[in-house]
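Peer 1: the sequence and its predicted three-dimensional model are supplied below.
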There are 2 protein chains.
Amino acid sequence: MATTLDFYFEFSSPYGYLASTQIEALAMETGMNLQWHPILLGPMFKAMGSGPLTQIPMKGAYALHDFKRSALLAGIPYSQPDPFPIATVGAARATLYALAHHPQKAPALIKALYHAYFAEGRRIDEVDVVLQIAAECGLDRAAVAEGMASEPIKAALKKEVDDAMAKGVFGSPFMLIGDEPFWGFDRFDHIRKWLALQADAKLAHP
Amino acid sequence: MATTLDFYFEFSSPYGYLASTQIEALAMETGMNLQWHPILLGPMFKAMGSGPLTQIPMKGAYALHDFKRSALLAGIPYSQPDPFPIATVGAARATLYALAHHPQKAPALIKALYHAYFAEGRRIDEVDVVLQIAAECGLDRAAVAEGMASEPIKAALKKEVDDAMAKGVFGSPFMLIGDEPFWGFDRFDHIRKWLALQADAKLAHP
């Protein structure tokens, strides 16, 4: 059975956006089964006594520069959105609706929402914009609207965040391979190297 | 004239230690003139309202795991020291003394101090241990002791920290190439790619 790559992401996270453009290739290349998990960083920041990167003195200015440079060096379109960060509960709920009811369309929706915000400056904190993007991805606008507002989807998002925190997830992007945690777009190479070490260990002690 | 690679590091910083083992190779490979800058993170944490990584809820446990795994994946010896973090003002002053008076021996001292703490668990917060390591690096123990305690060296460390903060340095390791800032051992690859972009731009617009 293929190993699962659990990918946690918040729609307001620049490094989450960068990771979202490459995570499918990583899963394919390493033969892992990709699971998408939209989360919200708010409750995690609260638990850590922290806040959005860009609002931290000194580190904030660097972060804004590093977002753009990281995108440039990876060949990913990026335009720092304003306002930033934004509320992403609607985008996350629409994603959970798609994952539950139209799983084959969900990855395209996730990537379209991220691209809309970080490359086109569209306001994905607005329900109308989320619905418009969902429609562009071939989802039924009215069904998504109903799903986003439904109690099961609201409960599912709360559960995603609670479950993620229970597993030690505190940032975005965050990848779990079984119990092994990886935080950050800059850990993709560590994932590759770590998997190679596991494979070597299996060969040595089958 | 060769470009300067300014390398800022705090002796209590695990990622600073990892970077210290590879920074000379990076400078050599990219043809840059390496300048070592011992700093203290305390005043920077104060400016950011932050603290040692390992003391942050959730992130702390991950950080301890990531220190070891980052070292393992890079093939660098690492053993999480206890106590951690420690006061490193003595180690930083000894380094500044060496940089000022025995520059050819300073890199070996820096690497020996880091290795002593992060691979051997030696207490480099103790002056006697710093002096012992300095002697192992071929420096005169009494002269280092006198230098560490001297007003010019105390003032030089304060100036290093102030100058670094004025340039936006807020962490360890931190690399400056002119005005271009890079934070973290995981940005070594960005440095390589960024330098290649600069070279391409020069070729296009000489």
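Peer 2: That came through, no problem.

Peer 1: over to A:R123: give its phi and psi.
Peer 2: Main-chain torsions, A:R123, degrees, to the nearest 10: phi -80, psi 80.

Peer 1: excluding its backbone neighbours, what's nearest it?
Peer 2: Closest residue to A:R123 apart from its sequence neighbours, by Cβ to Cβ, 6 or more residues apart in numbering or on different chains: A:V129 at 5.3 Å. Every residue, glycine included, has its C-beta placed from N, CA and C.

Peer 1: neighbours of the one you found, how many?
Peer 2: The number of residues packed near A:V129 is 17, by other Cβ atoms under 10 Å in any protein chain shown.

Peer 1: quick one: it and A:A116 touch, right?
Peer 2: Yes - A:V129 is within contact range of A:A116, at 7.1 Å (criterion: Cβ atoms under 8 Å).

Peer 1: give me the common contacts of those two.
Peer 2: By Cβ atoms under 8 Å, 6 or more residues apart in numbering or on different chains, A:V129 and A:A116 have these common neighbours: A:R122.

Peer 1: circling back to that earlier point, contact partners for the residue nearest to A:R123?
Peer 2: So A:V129 contacts A:116, A:122-123 (Cβ under 8 Å, 6+ apart).

Peer 1: selecting buried members of those residues in ChimeraX, what would you type?
Peer 2: To isolate the buried members of these in ChimeraX, using 16 or more other Cβ atoms under 10 Å in any protein chain shown:
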select /A:116,122
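
Peer 1: tell me which of the contacts of A:V129 is nearest to chain B?
Peer 2: Distance to chain B across the contacts of A:V129 (Cβ to the nearest Cβ) is lowest for A:A116, with 26.2 Å.

Peer 1: what does chain A have sitting close to chain B?
Peer 2: A:44, A:47-50, A:56-59, A:61-62, A:65-66, A:69-70, A:72-73, A:165, A:168, A:170-171, A:181, A:183-184, A:186-187, A:189-190, A:193-194, A:197 (Cβ under 8 Å from any Cβ of the partner chain).

Peer 1: give me the buried subset of the residues you listed.
Peer 2: For these, a burial check counting by 16+ other Cβ under 10 Å picks out A:44, A:48, A:50, A:56, A:58-59, A:62, A:65-66, A:69-70, A:73, A:168, A:170-171, A:181, A:183-184, A:186-187, A:190, A:193-194.

Peer 1: which ones among the residues you listed lie within helices?
Peer 2: Residues of these located in helices (DSSP state H): A:44, A:48, A:59, A:62, A:65-66, A:69-70, A:73, A:190, A:193-194.

Peer 1: can you put the contacts of A:V129 in a markdown table and add pLDDT?
Peer 2: Below are these laid out as a markdown table (pLDDT from 0 to 100):
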| residue | pLDDT |
| --- | --- |
| A:A116 | 98 |
| A:R122 | 98 |
| A:R123 | 98 |
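
Peer 1: distance to A:L157 added to the contacts of A:V129, as a markdown table?
Peer 2: Written out in a markdown table, the entries for the contacts of A:V129 read as follows (distance: Cβ to Cβ, whole Å):
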| residue | distance to A:L157 |
| --- | --- |
| A:A116 | 19 |
| A:R122 | 21 |
| A:R123 | 20 |
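
Peer 1: wait, A:G138 sits on A:A106?
Peer 2: No - applying Cβ under 8 Å as the test, A:G138 and A:A106 come out as separate, 11.2 Å apart.

Peer 1: tell me the secondary structure for A:L34?
Peer 2: strand (DSSP: H, G, I helix; E, B strand; the rest coil).

Peer 1: who does it bridge with?
Peer 2: Using DSSP bridges, the bridge partners assigned to A:L34 are A:L5.

Peer 1: returning to what we had before: for A:G138 and A:A106, indicate the residue with more neighbours.
Peer 2: Comparing A:G138 with A:A106 by other Cβ under 10 Å, the one with more neighbours is A:A106, at 21 against 11.

Peer 1: check contacts around that one.
Peer 2: By Cβ under 8 Å, 6+ apart, the residues touching A:A106 are A:36, A:95, A:98-99.

Peer 1: now do the same contact list for A:P38.
Peer 2: Counting by Cβ under 8 Å, 6+ apart, A:P38 has contacts A:9-11, A:91-92, A:95-96, A:110, A:157, A:160.
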